[in-house]
Structures are given as structure tokens and as C-alpha cells.
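> need a structure here:
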Amino acid sequence: MIYSLFDLNEHIRRVLALNFQRPLWVAAEIAQVGLSRGHYYLDLVQKGEGDDIVAQSQAVLWASEYRKLRSAIGPDLDALLREGLEVKLQVRVDFHERYGLKLLISDLDPSYTFGQMELRRRQTLQTLRELGFLELNRSLRLPPVLQRVAVVSSEGAAGYQDFREHLSKNNFGYRFHTQLFASSVQGKNAEAELRDALTQIALQPQRFDCVVVVRGGGARLDLAAFDGLELCKTVAQMPLPVLSGIGHEVDETVFDLVAHAALKTPTAVADFLLQHNLLFENEMLRLADAIRAMSEYRFKISLMELERLETATHWSTRERVRVAAQKLETLEENLPGWGVHILRGQRRHLEQAEAFCSALHPDNVLRRGFSLTFRNGQVLTAAKDAKAGDWLETRLKEGVVRSKVE
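From the prediction side, this is the model:
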């Protein structure tokens with residue numbers, strides 16, 4: 001027997017309608033989301049080991065059901081209907097002969113998704129703890145002044161604009177140089193884009209004092225990207241301190257835990273930068289006051305020392321003048337006697353010198369039996385200097401003897 005395709009599909013529809021008369025809860029991951037005329041079309045998948053897809057089906061949330069759920073769940077509903085999230089849906093199994101199998105969504109359990117996120121968050125924290133990454137970025141030392149700031153944010157984000165305005169209009173007159181590294185801060189591409197932006201900054205750490213990651217407020221599920229393991233590993237290993245201000249007052253992401261400092265909002269990050277620089281300025285002012293006080297103290301001490309030296313010099317000079325005057329008086333009294341004494345001494349020296357010279361005079365030498373021999377008017381002191389034929393003249397005590405050398 002051969003069935004027509006319609007007959008087969010109608011049979012399938014009846015079987016499914018008979019066996020799935022009531023709605024049932026299904027856990028799956030949203031692989032893709034489409035929106036048309038207020039209706040949400042979802043591709044649901046289940047993944048096995050290695051992220052291989054082991055099951056796949058299409059689901060639809062009609063606009064009328066969406067309005068009911070939006071009223072019951074609130075703004076979190078839009079955040080839950082995003083690709084990559086694991087959700088728990090109440091569905092009715094519907095099979096149409098032409099359009100095939102489709103799951104009609106009638107309810108959604110937010111606590112399931114939040115529970116799965118919390119489980120992944122705890123696993124990420126455990127991995128980072130085992131790697132020793134939780135305190136890695138916090139161990140970096142902030143520069144004394146933070147002026148060159150690398151900012152990671154979405155260019156059109158209100159949080160980024162608030163951050164810039166808060167810095168530029170500060171009451172202290174501080175100037176900052178900020179450079180934006182654009183990245184989405186929510187959605188399925190957020191984690192990859194944030195990592196790319198941080199990697200760009202890590203390649204040029206000498207250009208910046210710190211890194212700031214900011215975003216505006218949003219639903220709780222908007223923070224899912226900031227619990228990603230690879231993103232948090234990148235933050236932990238950054239060569240610069242990372243400051244987070246991702247705009248959520250209640251929840252703390254893993255990103256906040258591995259960053260150098262976690263502030264709640266972008267303006268809080270701006271205040272942190274201003275306060276940090278203000279502390280440096282106050283410290284400089286304190287040191288300036290200390291230097292001024294020390295200078296005044298040392299000046300006062302030096303002035304007192306100069307006054308002491310002036311007084312000591314004054315009295316020392318008077319004392320020296322008095323002593324010198326006494327010496328002069330003594331010299332004046334003793335000078336005549338000293339003059340006579342000196343003259344007598346010098347006279348004795350002269351007499352001794354005269355006697356010595358007299359004893360050494362040639363005439364006196366001759367009188368003692370010595371003689372002097374001259375050659376050509378020069379005293380002859382060595383026999384070798386006399387040559388044959390030379391006439392010599394020898395002076396004695398009495399007379400002169402002339403001789404010829406043969």
C-alpha cells in the first residue's frame with residue numbers, strides 16, 4: 001500500500017496530537033532567533049560532547065503569547081530570547097501537514113537559564129582559581145597618575161558617553177587622554193569582540209596607564225559575556241590594570257572578580273580615576289608643605305648658626321687683636337735688646353767667616369810651605385795637563401820659579 005505525503009503527515013499529526021495533548025517543558029539551547037511581525041522564531045538545539053548537535057527543532061513564540069510572557073516576566077524576557085542561552089520552555093507539540101513539526105511556546109522559566117549561567121559562572125571561577133588568575137591583574141601596581149586611558153566599550157553606548165563627559169567636566173581641571181577600542185558589550189559576539197579589543201591594547205602597553213571597560217545598564221542576562229572563561233583569562237593576563245564599570249548595581253560578574261578594580265557604573269570608574277589623581281595631588285601638596293616647613297626650619301637653624309658665628313667671630317677678632325697688641329707691645333719692649341743681640345751674633349759670624357777666609361787665602365797657604373803652579377796664567381792641578389815645551393810658573397812663599405817641561 002502506498003501513502004500520499006499528505007496522508008502520511010496527517011497520520012503523524014494525529015499521532016502527535018494523541019500523545020502530546022498537554023504542554024510539556026523542554027530544555028534546549030537557542031541557536032538562532034528570528035523576529036517577524038512581533039513573532040519570535042527560534043532554532044533550538046541540544047549539544048553533546050564536543051559541541052556536536054544531537055537534536056534540533058524549530059519553535060515559535062506568537063506575538064500574543066509574547067505579550068503575556070512580557071507582562072509576567074518583564075524586561076528579562078527579551079534578554080532570555082537570545083542566541084547561545086540555555087532555556088527551559090513550556091511548549092505544545094504541533095505538526096502541520098505542510099509546514100512540518102513546530103514547538104509552540106506558551107511559557108518560559110527564567111530561573112532555569114539563570115541557574116545554568118550560575119553553574120557556568122562557578123565552573124569559570126574554579127578554573128581561574130586553579131590557574132592562579134583571580135589575583136593576577138589585581139597584583140599590578142597602578143601608576144601614581146592615571147591620564148592615558150584605553151577604553152573598551154561600544155561607541156554609541158550611553159555609559160561610554162557618561163564616562164567621557166564625567167572625565168572632561170571634572171572640577172579639578174585634570175586632563176585625560178582616552179582612546180576607544182570599540183566592541184559590543186552584550187550579545188553573542190560580545191565576548192569575542194571584547195577579547196579582540198583587549199588583545200590590541202596588550203600589544204601596546206607603553207601607550208596607556210590603565211584599561212577601562214564600561215557599558216550602560218541592562219538586563220541581568222546582558223552580563224553573560226562577562227562570565228566567559230576565555231575573556232576572563234585575557235583580563236587576568238593583561239599587562240595593564242583593568243578597571244570595570246559594566247553598569248550593574250547588584251550582580252558581580254567573573255570579569256569584575258579578575259579585574260584590578262570593579263566599579264558599578266561608568267561614572268563610578270571616572271570618579272575612581274579622579275580620586276586616584278586627587279590623592280596624588282594631595283600627596284604632592286603635603287610633600288610641598290613638608291619641604292617648605294623643613295626649608296624654613298633649616299633656614300632658621302642656619303640663621304641662628306650664622307648669628308652664633310658672627311658673635312663668635314666678633315669676640316674672637318677682639319681677642320686676637322688684644323693678643324696681637326700684647327705681642328706687639330712685647331716686641332716693642334724687646335726689640336732693642338733683640339737688635340743688639342742679633343747684631344752681636346751676626347758680628348761673630350762675620351768674624352768667623354773672615355778668619356776662615358783668611359786661613360784659606362793663597363798667600364797664607366804659601367806661607368805654610370805650599371806652592372801654586374801656573375801654566376799660561378792658569379793654575380795647574382794635574383801633571384797630565386803639562387805638555388813638553390810648556391813654561392810653568394811656580395809661586396812660593398818668597399819668590400817665583402820659572403821652569404820648562406821636557
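> show me what the longest helix along the chain is packed up against.
Taking DSSP state H as the criterion, the chain has its longest helix at helix 266-360. On a contact count with 3 or more Cβ pairs under 8 Å, 6 or more residues apart in numbering; DSSP states H and E, helix 266-360 meets helix 158-168, strand 210-214, strand 242-245, strand 261-263. In this view, the C-beta of every residue, glycine as well, is placed from N, C-alpha and C.
> now do it against helix 158-168, angle only.
Using axes from the mean of the first three to the mean of the last three Cα atoms, to 10 degrees, the inter-axis angle of helix 266-360 relative to helix 158-168 is 40 degrees.
> low-confidence ranges in this structure?
Scanning the chain for pLDDT under 70 picks out 217-221, 247-251, 360-361, 363-369, 397.
> so for it, the centremost residue is which one?
Pro143 (4.7 Å; Cα atoms, centre = their mean).
> hang on, that one packs against Asp209?
Yes - if you go by Cβ atoms under 8 Å, Pro143 and Asp209 touch, sitting 4.8 Å apart.
> one step back: helix, strand, or coil at the residue nearest to the centre of the chain?
coil (DSSP: H, G, I helix; E, B strand; the rest coil).
> could I get the phi/psi values of it?
phi -60, psi 160 (degrees, to the nearest 10).
> gap between it and Phe208?
Distance, Pro143 to Phe208, by Cβ to Cβ, to the nearest Å: 10 Å.
> could you do Leu257 as well?
From Leu257 to Phe208 the distance is 22 Å (Cβ to Cβ).
> what's the lengthiest strand in the chain packed up against?
For the chain, the longest strand by residue count, based on DSSP state E, is strand 24-36. Other helices and strands packing on strand 24-36, by 3+ Cβ pairs under 8 Å, 6+ apart, are strand 39-47, strand 53-61, strand 86-96.
> turn these into TSV, columns for distance to Ser183.
Output for the helices and strands packed on strand 24-36, formatted as TSV (distance: least, Cβ to Cβ, whole Å):
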stretch	distance to Ser183
strand 39-47	26
strand 53-61	28
strand 86-96	24
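> those: which one's closest to Val321?
strand 86-96 (105.3 Å; Cβ to Cβ).
> can you check what angle separates that closest one from strand 53-61?
Using the same axes, to 10 degrees: strand 86-96 against strand 53-61 is 70 degrees.
> roughly how far is the helix or strand that strand 86-96 is followed by from the heart of the chain?
Downstream of strand 86-96, the next assigned helix or strand under DSSP states H and E is strand 100-108. Strand 100-108 has its C-alpha centroid displaced from the chain centroid by 56 Å (Cα atoms, centre = their mean, to the nearest Å).
> could I get the buried residue list for strand 100-108?
Across strand 100-108, burial judged by 16 or more other Cβ atoms under 10 Å covers 102-105, 107-108.
> cool, and stretch 210-217?
210-216.
> check stretch 65-84 too.
So stretch 65-84, judged by 16+ other Cβ under 10 Å, has buried residues 65-66, 69, 73, 76-82.
> ditto for stretch 48-57
Ser57.
> got the CA positions of it in CSV?
Extracted in CSV, the C-alpha atoms of stretch 48-57 (Å, rounded to 0.1, in the frame of the first residue of the first chain):
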residue,chain,number,x,y,z
GLY,A,48,26.6,16.6,23.0
GLU,A,49,30.3,16.1,23.6
GLY,A,50,32.5,18.4,21.6
ASP,A,51,29.5,20.7,21.0
ASP,A,52,28.1,18.4,18.4
ILE,A,53,24.4,18.9,17.8
VAL,A,54,22.5,15.8,18.7
ALA,A,55,18.9,17.2,18.3
GLN,A,56,17.4,20.2,16.6
SER,A,57,13.9,21.6,16.3
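> so what touches it?
28, 31, 43-47, 101-103 (Cβ atoms under 8 Å, 6 or more residues apart in numbering).
> do that again at 10 Å, thanks
26, 28-29, 31, 42-47, 91, 93, 100-103 (Cβ atoms under 10 Å, 6 or more residues apart in numbering).
> emit the PyMOL select command for whichever of these are buried.
A single PyMOL command selects the buried members of the contacts of stretch 48-57 (16+ other Cβ under 10 Å):
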select buried, resi 26+28+29+42+43+44+45+46+91+93+102+103
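> now, the most widely separated pair of the contacts of stretch 48-57?
Lys47 and Gly100 (22.3 Å).
> quick one: work out the angle between the longest helix of the chain and strand 210-214.
Using the same axes, to 10 degrees: helix 266-360 against strand 210-214 is 170 degrees.
> how far off centre is helix 266-360?
49 Å.
> got it, and stretch 95-110?
Counting by Cα atoms, centre = their mean, stretch 95-110 comes out at 58 Å from the chain centroid.
> put the alpha carbons of that stretch into CSV.
Coordinates of each C-alpha in stretch 95-110 appear next as CSV, following Å, rounded to 0.1, in the frame of the first residue of the first chain:
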residue,chain,number,x,y,z
PHE,A,95,2.6,19.2,13.4
HIS,A,96,1.2,20.6,10.2
GLU,A,97,0.9,18.6,7.1
ARG,A,98,2.6,21.4,5.0
TYR,A,99,4.9,23.1,7.5
GLY,A,100,6.0,20.1,9.5
LEU,A,101,6.9,19.9,13.2
LYS,A,102,6.9,23.1,15.3
LEU,A,103,7.0,23.7,19.0
LEU,A,104,4.6,26.4,20.1
ILE,A,105,5.9,28.3,23.1
SER,A,106,3.5,29.1,25.9
ASP,A,107,5.7,29.8,28.9
LEU,A,108,9.4,30.2,29.9
ASP,A,109,11.2,29.6,33.1
PRO,A,110,13.9,32.3,33.7
